[in-house]
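S.K.: how would this look folded up:
(one chain, ligands or ions: 1)
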Amino acid sequence: MNGLVIEKPLPTADGDSQAFWEGLRSGRLLLQHCADCGHVQYYQQRICRQCQSDNLQLKPASGKGTIHSYSVVYRAPGPAFKDDVPYAVLLVDLEEGPRMVSSLVGKDFDALDFDAPLTLKIIQINDEVSLPCFELAINELHSS
Ligand SMILES: [Zn+2]
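M.R.: Okay, here's the model as predicted:
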């Protein structure tokens, strides 16, 4: 089991995104809500991209979204991903509005479709990093 372990590039938290990564570690995908104009944004910034207000509040996402677009990756972008292929990269429209790049949990590629409903599933990678992934919401009907 102790073969060659190739580390994947993982995100590192900086000042703006620290609360975001902490949120994921505790099982929540945090979105920034602008208290002035109501705009909701996904990746953390110091100001609202709509009205430049800094009056932003972090609130957990509902975890519901739909597929805006997707792509199944058959060729690993690097050796660290060799064991993962094939996998699906998703462009997800969150219920709250923001669009984010994510990846599919599982390999049910035939079920992928535009506007298909998704459910957030936060996957713990290590002690520091948990990543927001999604699974097809229809899977819930099949699992008992
Ligand atoms: Zn705003």
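S.K.: which residues in the protein form helices?
M.R.: 18-25, 139-142 (DSSP state H).
S.K.: between these, which has the poorest average model confidence?
M.R.: Per-stretch mean pLDDT for the helices of the chain is lowest at helix 139-142 (a mean of 52).
S.K.: spell out which parts of this structure neighbour the ion.
M.R.: 34, 36, 37, 39, 48, 50, 51, 53 (CB under 5 Å from the ion). Every C-beta, even on glycine, is put in place using the N, C-alpha and C of the backbone.
S.K.: out of these, which are buried?
M.R.: 34, 39, 48 (16 or more other CB atoms under 10 Å).
S.K.: the last one against residue 41, yeah?
M.R.: So that's residue 48. Yes - under the criterion of CB atoms under 8 Å, residue 48 makes contact with residue 41 at 7.0 Å.
S.K.: what's the least confident helix or strand in the protein, going by average pLDDT?
M.R.: helix 139-142 (a mean of 52; mean pLDDT, DSSP states H and E).
S.K.: picking up where we left off before, what touches both of residue 48 and residue 41?
M.R.: 32, 34 (CB atoms under 8 Å, 6 or more residues apart in numbering).
S.K.: please identify the pairing partners of the longest strand seen in the chain and their relative orientation?
M.R.: Using DSSP state E to define each element, the chain has its longest strand at strand 64-73. Sheet pairing for strand 64-73, assigned by DSSP bridges, gives strand 87-94 (antiparallel), strand 117-124 (antiparallel).
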